[in-house]
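Chemist: Need a 3D model of the sequence below.
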Amino acid sequence: IQGRHHFGFLLGDSGCNPAAPCCLRIIILMWLARPSPEDLVRNLTCAALELASIKEPNVRQTNNEPSVVMEENLKELKLILIGDAETDHDETRGARVAAAAVAQTNFAVGVVSCLDVLPLEVRKNAAHVFANLIRRPDGVAFAAVIVREPTILTSLTNAYKDDTADLALICGMMLRESARHEIVAKTILEAPVFWRFFTDFVRLKSFEVASDAFELLKVLLVGHCALAASFIRDNYEAFVLHYNLLLQSKNYVICRESVRLLGDLLLQRANFSTMMNYVSDRENLKILMNLLRSKKARIQIEAFHVFKVFVVNPRKPGEIILILFNNKSKLVAYLRNFHNDKCDCQFEEEKALVIDTLLGLQSNHTTRQTAGAA
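Modeler: Prediction:
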């Protein structure tokens, strides 16, 4: 009412200018008729919950009314939060959208629960709105909603399947954006589904989906150093068991990226105790020595960056020294011809250090024959 009174002189009210252009009147009327950010969130939530409540898949696919409502409201929300080629985002209204999405507790649940039945473009808009809300400076409040509602993360992670690649990639993006908040990352790490990233998700036949899952794994393990370090320490045996399976994968990309990520993890200051435990285990050393002899050059180089930590560790256990000593001649000969065409001074210096350290190993540890050769 106040808005109409404010624009009365443009709308031709008595006592005001009756000559206002017709098109301007229409624009102002449309502006006044726009639903508020709170209405958009409310309408979208109701439509999403209605669509999600339909149990029969065929009925869900053909029930267009709530789907159309979602499409219209998502377009408006995306325009407010992100803008388009012709319109900038509206930060003031965007803040109201963010507040309403938190206050309307079923908003996130509703959107995620019906992603599988939305048309692809509508699904993308839903993901953009969701991701924007989580990326905002005040996104921690929306992240808290995600953590409070277990079905959200469960639904998103369950989308990692070969037969729903389009859905999996969209849900993967939503998960990665959410996991940038520590409270979400902690929830995923501590959930049983986390181990499925090692056993299932990164092993999917779809290259795009498996790669997406691995990107999320990296976000979880290196995006929050202190959190991940604490989790790995508390679950060290289970973590190494699962991780070593990735290192021994026959899939080139999985193996290469896993070795690279392992190197990044072990060299983080927060993971010092984990690094010392890992490079003190003979089984881990054997895996890295095998990778060092891989037929793939990229895997060889990534393996070297982990293998060197075993060698230069000043506190090597006897069984590690014994394996290295028993294989010293072969290792030195191999490393002397190891990627000599690589123009990298630091790499050459590190290789020389590893060779010198191997040559300096003493034979007085060979009495521990129970450890055996690699």
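
Chemist: Just the buried positions in the strand or helix carrying residue 290, please.
Modeler: Applying DSSP states H and E as the criterion places residue 290 in helix 282-292. Along helix 282-292, these residues count as buried under the neighbour rule (16 or more other CB atoms under 10 Å): 282, 284-285, 287-289, 291-292. C-betas here are computed from N, CA, C, even on glycine.

Chemist: how close does residue 221 sit to residue 137?
Modeler: Separation of residue 221 from residue 137 (CB to CB, to the nearest Å) stands at 25 Å.

Chemist: quick one, which of the two is more surrounded?
Modeler: Applying other CB atoms under 10 Å to residue 221 and residue 137 shows that residue 221 carries more neighbours, namely 25 against 7.

Chemist: could you list every residue that touches that one?
Modeler: The contact partners of residue 221, taken as CB atoms under 8 Å, 6 or more residues apart in numbering, are 228, 232, 261, 265.

Chemist: Quick check: the gap between it and residue 172.
Modeler: Summarising the geometry, the distance separating residue 221 from residue 172, computed by CB to CB, is 16 Å.

Chemist: host element of the spatially most central residue of the chain?
Modeler: When CA atoms, centre = their mean is applied to the chain, the residue found nearest the centroid is residue 216 (2.5 Å). Assignment of secondary structure by DSSP H and E places residue 216 within helix 207-222.

Chemist: tell me which residues of that helix are tucked away?
Modeler: By neighbour count on 16+ other CB under 10 Å, the buried set for helix 207-222 is 209-217, 219-221.

Chemist: Please apply the same query to stretch 153-173.
Modeler: Going by 16+ other CB under 10 Å, stretch 153-173 has these buried residues: 153, 155-157, 159-160, 164-165, 167-173.

Chemist: What is the helix or strand containing residue 331 packed up against?
Modeler: With secondary structure defined by DSSP H and E, residue 331 is part of helix 328-336. For helix 328-336, the packing partners by 3 or more CB pairs under 8 Å, 6 or more residues apart in numbering; DSSP states H and E come out as helix 345-359.

Chemist: so how far is the helix it packs on off the chain centroid?
Modeler: From the chain centre to the centre of helix 345-359 is a distance of 35 Å (CA atoms, centre = their mean, to the nearest Å).

Chemist: Equivalent analysis for stretch 66-76, please.
Modeler: Its chain's C-alpha centre lies 27 Å from the corresponding centre of stretch 66-76 when counted by CA atoms, centre = their mean.

Chemist: and the residue nearest to the centre of the chain, how far is that from residue 162?
Modeler: As judged by CB to CB, residue 216 and residue 162 stand 17 Å apart.

Chemist: quick one on the thing from earlier: I'd say the residue nearest to the centre of the chain and residue 175 touch.
Modeler: Yes. Distance between residue 216 and residue 175: 5.5 Å, which falls inside the contact criterion (CB atoms under 8 Å).

Chemist: still on that earlier bit, with pLDDT and distance to residue 338 as added columns, please give the buried residues of helix 282-292 in JSON lines.
Modeler: Rendered in JSON lines, the data for those read as follows (pLDDT from 0 to 100; distance: CB to CB, whole Å):
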{"residue": "282", "pLDDT": "96", "distance to residue 338": "22"}
{"residue": "284", "pLDDT": "98", "distance to residue 338": "20"}
{"residue": "285", "pLDDT": "98", "distance to residue 338": "17"}
{"residue": "287", "pLDDT": "98", "distance to residue 338": "18"}
{"residue": "288", "pLDDT": "97", "distance to residue 338": "14"}
{"residue": "289", "pLDDT": "97", "distance to residue 338": "13"}
{"residue": "291", "pLDDT": "97", "distance to residue 338": "13"}
{"residue": "292", "pLDDT": "96", "distance to residue 338": "8"}
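
Chemist: Helices of the stretch 151-300 of the chain, start to end?
Modeler: 165-179, 182-190, 196-199, 207-222, 225-234, 236-247, 252-266, 272-278, 282-292, 297-312 (DSSP state H, counting those that start in this stretch).

Chemist: Now distance to residue 75 too, for the ones you listed, in a markdown table please.
Modeler: Putting the helices of the stretch 151-300 of the chain into a markdown table (distance: least, CB to CB, whole Å) gives the following:
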| stretch | distance to residue 75 |
| --- | --- |
| helix 165-179 | 17 |
| helix 182-190 | 27 |
| helix 196-199 | 34 |
| helix 207-222 | 26 |
| helix 225-234 | 37 |
| helix 236-247 | 41 |
| helix 252-266 | 37 |
| helix 272-278 | 47 |
| helix 282-292 | 50 |
| helix 297-312 | 44 |
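
Chemist: Tell me which of those sits nearest to residue 106.
Modeler: Residue 106 lies closest to helix 165-179 among these, at 16.9 Å (CB to CB).

Chemist: and the closest one, what other elements does it pack with?
Modeler: The helices and strands touching helix 165-179, judged by 3+ CB pairs under 8 Å, 6+ apart, are helix 120-135, helix 150-157, helix 182-190, helix 207-222.
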